[in-house]
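Colleague: This is a predicted model, with the sequence first.
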Amino acid sequence: MRESTTWQGIYVEGKIETLLMQGTSKWGAPPARVRSRIQTLTEVSTLDNLLQRILVVSSWKELLDTRQHA
């Protein structure tokens, strides 16, 4: 079942929604460009990394700053 593209899409969408919900709780609603950037992510590993980073960074900008976690 996990090989199903439908399942994978739903899984990624859930991670994106979780990331947006947690970030909104922590910093308020993301700017449109941040929301758009997050919604284009498709790699589970990238989303997992952001979900871990959200615990230690202090802003949407810092969360998405690739220099911070390269």
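Modeller: Happy to help now that I have it.
Colleague: And the helix ranked longest in the chain, what's buried?
Modeller: Using DSSP state H to define each element, the chain has its longest helix at helix 5-27. Residues of helix 5-27 classed as buried by neighbour count (16 or more other Cβ atoms under 10 Å): 12, 15, 16, 19, 20, 23, 27. C-beta: built from backbone N, CA, C; applies to glycine.
Colleague: what number of residues lie near residue 46?
Modeller: For residue 46, the tally of surrounding residues (other Cβ atoms under 10 Å) stands at 13.
Colleague: what residues are up against residue 27?
Modeller: Residue 27 sits next to 59, 60 when contact means Cβ atoms under 8 Å, 6 or more residues apart in numbering.
Colleague: 10 Å - rerun?
Modeller: Residues near residue 27 by Cβ atoms under 10 Å, 6 or more residues apart in numbering: 34, 54, 57, 58, 59, 60, 61, 62, 63.
Colleague: In a markdown table: those, plus distance to residue 42.
Modeller: Below are the contacts of residue 27 laid out as a markdown table (distance: Cβ to Cβ, whole Å):
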| residue | distance to residue 42 |
| --- | --- |
| 34 | 17 |
| 54 | 18 |
| 57 | 22 |
| 58 | 26 |
| 59 | 24 |
| 60 | 19 |
| 61 | 22 |
| 62 | 22 |
| 63 | 17 |
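Colleague: Which among those residues count as buried?
Modeller: Buried, going by 16+ other Cβ under 10 Å: 34, 54, 57, 60, 63, out of these.
Colleague: Below-threshold pLDDT in the protein: ranges please.
Modeller: 1-2, 68-70 (pLDDT under 70).
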